[in-house]
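Asks: The amino acid sequence is not available; the structure is as follows:
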């Protein structure tokens, strides 16, 4: 036994890459949502007034 260190025998490099890319997507989305939250905390009324819904949105 290796004490849980290293890669699992069933894990391929493609699995590791896909997992890393998924983590980057989640992190980027979290950062964007945090930025939106900060904007709304400081300028919620202005943000709502400036939002214009376009046809079909």
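Replies: Ah, there it is. Only a predicted model underlies this, so the values are computations on that prediction, with no experimental measurement involved.
Asks: would you list every one of the helices in this protein?
Replies: Taking DSSP state H as the test, the helices found in the chain are 13-50.
Asks: Show me the shaky parts of it.
Replies: Residue ranges of the chain with pLDDT under 70: 1-20, 56-57.
Asks: for residue 51, phi and psi?
Replies: phi -70, psi 130 (degrees, to the nearest 10).
Asks: Relative to residue 21, how far out is it?
Replies: Relative to residue 21, residue 51 is positioned 32 Å away (Cβ to Cβ, to the nearest Å). No exception for glycine: its C-beta is placed from N, CA and C like everyone else's.
Asks: Counting neighbours, go ahead and name the busier of those two.
Replies: residue 21 (10 against 7; other Cβ atoms under 10 Å).
Asks: What's the separation between that one and residue 32?
Replies: Taking Cβ to Cβ as the measure, residue 21 falls 17 Å from residue 32.
Asks: swap in residue 50?
Replies: Remark: distance between residue 50 and residue 32 (Cβ to Cβ) = 18 Å.
Asks: same question, residue 44
Replies: Noted for residue 44: a distance of 17 Å to residue 32, by Cβ to Cβ.
Asks: What of residue 46?
Replies: According to Cβ to Cβ, residue 46 and residue 32 sit 19 Å apart.
Asks: Then residue 55?
Replies: Distance from residue 55 to residue 32, counting by Cβ to Cβ: 25 Å.
Asks: Counting neighbours, go ahead and name the busier of the two.
Replies: Neighbour tally, residue 55 and residue 32, criterion other Cβ under 10 Å: the higher count belongs to residue 32, 10 against 4.
Asks: Could you pull up the residues touching residue 34?
Replies: By Cβ atoms under 8 Å, 6 or more residues apart in numbering, residue 34 lies in contact with nothing.
Asks: From residue 38, how far off is residue 52?
Replies: Distance, residue 52 to residue 38, by Cβ to Cβ: 22 Å.
Asks: repeat for residue 49
Replies: Taken as Cβ to Cβ, the span from residue 49 to residue 38 is 18 Å.
Asks: Ok, residue 50 next?
Replies: 16 Å.
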